[in-house]
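In: Got a predicted model here, sequence first, then my questions.
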Amino acid sequence: ETQAYHADKFGFDNVEFHEGLIEKLDDIDSLTDGSVDIIISNCVINLCPDKEAVLKSCHRLLKPGGELYFSDVYASRRVPQELREDEVLWGECLSGALYWNDFQNLAKQCGF
């Protein structure tokens, strides 16, 4: 339904939408290795407790030269444990924020 709507409204018939959890992309049978041109995430990765799983799956799914676009909250230093455990701050996208250098290192470890 989402795919048909966007194809009709915007004229793009080469776009696919897949519903699921970004940290469980491996559970979506219609996604295969090296089959995706672009992955877009808007303030989702920082809400995921397993950011490594997200990045590994994204890297695996992207075609050679494929791109991951994301907008997320990052921290200028590591977020203290007591703040990471605060559910309200987690919901506000603050507790799950990674220190930007940790994110860069994690992305490199996952193949980016």
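Out: Sure, I can see it. Since we're looking at a predicted model, the values are computed, not measured.
In: Check what contacts the lengthiest strand in the chain and list those residues.
Out: Ranked by residue count under DSSP state E, the longest strand found in the chain is strand 62-71. If you take CB atoms under 8 Å, 6 or more residues apart in numbering as the criterion, strand 62-71 is touched by 34-45, 58-59, 112. Every C-beta, even on glycine, is put in place using the N, C-alpha and C of the backbone.
In: now, among the residues you listed, which is nearest to residue 79?
Out: Closest to residue 79 out of the contacts of strand 62-71 is residue 45 (14.5 Å), distances taken as CB to CB.
In: That closest one: how many residues sit nearby?
Out: 24 (other CB atoms under 10 Å).
In: That one and residue 22 touch, don't they?
Out: Yes. With contacts counted by CB atoms under 8 Å, residue 45 reaches residue 22, the gap being 6.9 Å.
In: can you give me phi and psi for the residue nearest the centre of the chain?
Out: Nearest to the mean C-alpha position of the chain, by CA atoms, centre = their mean, lies residue 45 at 4.5 Å. When quoted as degrees, to the nearest 10, the phi and psi of residue 45 stand at phi -60, psi -40.
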